[in-house]
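Engineer: I'd like to go over a predicted model; first the sequence, then the structure.
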Amino acid sequence: MQKFLKLTAGLLGGYLVTATLHLFLGLWVDRQNLLITMAFSGFIIWASLFVIAFLAKNGWKIWGIYLLISLIFFTPFAYKIFF
């Protein structure tokens, strides 16, 4: 079960953190430049988060960390959209 949790955290959670990080950066950086940069940095960040997920001892804990980081990155973006 832990291996499955680490795999899904690396695949889905890592992608979620990467996507919300770039949404967060899009609030302050020109979006056209960010889109070009995301093509390269997105894969590097996602692959790094994938490796970190497998280095963790507990899959639930890494899922919690990734979801918390994603929520932190997404909150200012959502605030700007909805308010």
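Structural biologist: That came through, no problem.
Engineer: Can you point out the helix or strand that includes the spatially most central residue of the chain?
Structural biologist: Closest to where the C-alpha atoms of the chain average out (C-alpha atoms, centre = their mean) is Val17, at 0.8 Å. The secondary structure element spanning Val17 is helix 14-25 (assigned by DSSP states H and E).
Engineer: And the contacts of that helix?
Structural biologist: Defining contact as C-beta atoms under 8 Å, 6 or more residues apart in numbering, one finds that helix 14-25 is touched by 34, 38, 41-42, 45-47, 49-50, 53, 66-67, 69-70, 73-74, 76-77. (Glycine included, C-beta is placed from N, CA and C.)
Engineer: From Leu68, how far off is the residue nearest to the centre of the chain?
Structural biologist: Val17 is 10 Å from Leu68, where distance means C-beta to C-beta, to the nearest Å.
Engineer: ok so, going back, among the contacts of helix 14-25, which ones are buried?
Structural biologist: 34, 38, 42, 45-46, 49-50, 53, 66, 69-70, 73-74, 77 (16 or more other C-beta atoms under 10 Å).
Engineer: quick one, what contacts the residue lying closest to Lys80 once chain neighbours are set aside?
Structural biologist: Distances taken as C-beta to C-beta, 6 or more residues apart in numbering put Leu27 closest to Lys80, at 6.5 Å, once the chain neighbours are dropped. Counting by C-beta under 8 Å, 6+ apart, Leu27 touches Pro76, Phe77, Lys80.
Engineer: quick one, phi/psi of Leu27?
Structural biologist: phi -70, psi -30 (degrees, to the nearest 10).
Engineer: In helices, which of the contacts of Leu27 fall?
Structural biologist: Pro76, Phe77, Lys80 (DSSP state H).
Engineer: Just want the angle from the lowest-mean-pLDDT helix or strand in the chain to helix 14-25.
Structural biologist: One helix or strand of the chain scores below all others by mean pLDDT, DSSP states H and E: helix 31-55, with a mean of 91. Helix 31-55 and helix 14-25 are oriented at 150 degrees to each other (axes from the mean of the first three to the mean of the last three C-alpha atoms, to 10 degrees).
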